[in-house]
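Peer 1: A predicted structure for the sequence below; I have some questions about it.
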Amino acid sequence: MGLFRNLFGRGAAADAPAKAETAATEYNGYLIRPALRRQGSGWLIAGSITKAFPDGVREHQFIRADTFTDHADGVPFCIQKAKQIIDEQGDRIFDAR
């Protein structure tokens, strides 16, 4: 039965947990945490941006339509997208919508 699973793509790869995410990256007082999500056979760009304020830590989560086939290739792109969000919006990303 294991042979058939491997032939049809249901072997260890399908049962393997998602890869651990990289450590947070500091950028201009913000912390960027990549959290790519499995989508089909690829990885969807997603993550969070946090910043400490006098009244506590605030977090903004983001998801982009960009996908990568390799997790390792998506992480630097995710960080770059987060930096772009920070540069364009600054602390407004934490405003209530």
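Peer 2: That came in fine, so what should we check first?
Peer 1: go through the longest helix that the chain contains and flag the buried ones.
Peer 2: Longest helix in the chain, counting residues (DSSP state H): helix 71-89. The neighbour-count check on helix 71-89 (16 or more other Cβ atoms under 10 Å) flags 71, 74, 75, 77, 78, 79, 81, 82, 83, 85, 86 as buried. To be clear about C-beta, it is placed using only N, CA and C from the backbone, and glycine gets the same treatment.
Peer 1: next, the contact list for the residue nearest the centre of the chain, please.
Peer 2: Note on the chain: the residue nearest the mean C-alpha position is residue 35, at 2.6 Å, using Cα atoms, centre = their mean. Going by Cβ atoms under 8 Å, 6 or more residues apart in numbering, residue 35 touches 21, 46, 47, 48, 61.
Peer 1: just how off-centre is the strand or helix carrying the last one within its chain?
Peer 2: Assigned by DSSP states H and E, residue 61 belongs to strand 56-68. When distances are taken as Cα atoms, centre = their mean, to the nearest Å, strand 56-68 is centred 7 Å away from the chain's centroid.
Peer 1: from the contact counts, what lies against that strand?
Peer 2: strand 42-53, helix 71-89 (3 or more Cβ pairs under 8 Å, 6 or more residues apart in numbering; DSSP states H and E).
Peer 1: quick check: pLDDT value at the residue nearest to residue 68 when sequence neighbours are not counted.
Peer 2: In space, and not counting its chain neighbours, residue 68 is closest to residue 74: 3.6 Å by Cβ to Cβ, 6 or more residues apart in numbering. Looking at residue 74, its pLDDT is 95.
Peer 1: could you list the low-confidence segments of this structure?
Peer 2: Low-confidence segments of the chain (pLDDT under 70): 1-22, 97.
Peer 1: swap in 80 and give it another go.
Peer 2: 1-22, 96-97 (pLDDT under 80).
Peer 1: quick check on the contacts of residue 35: which are buried?
Peer 2: The neighbour-count criterion (16+ other Cβ under 10 Å) marks 46, 47 among these as buried.
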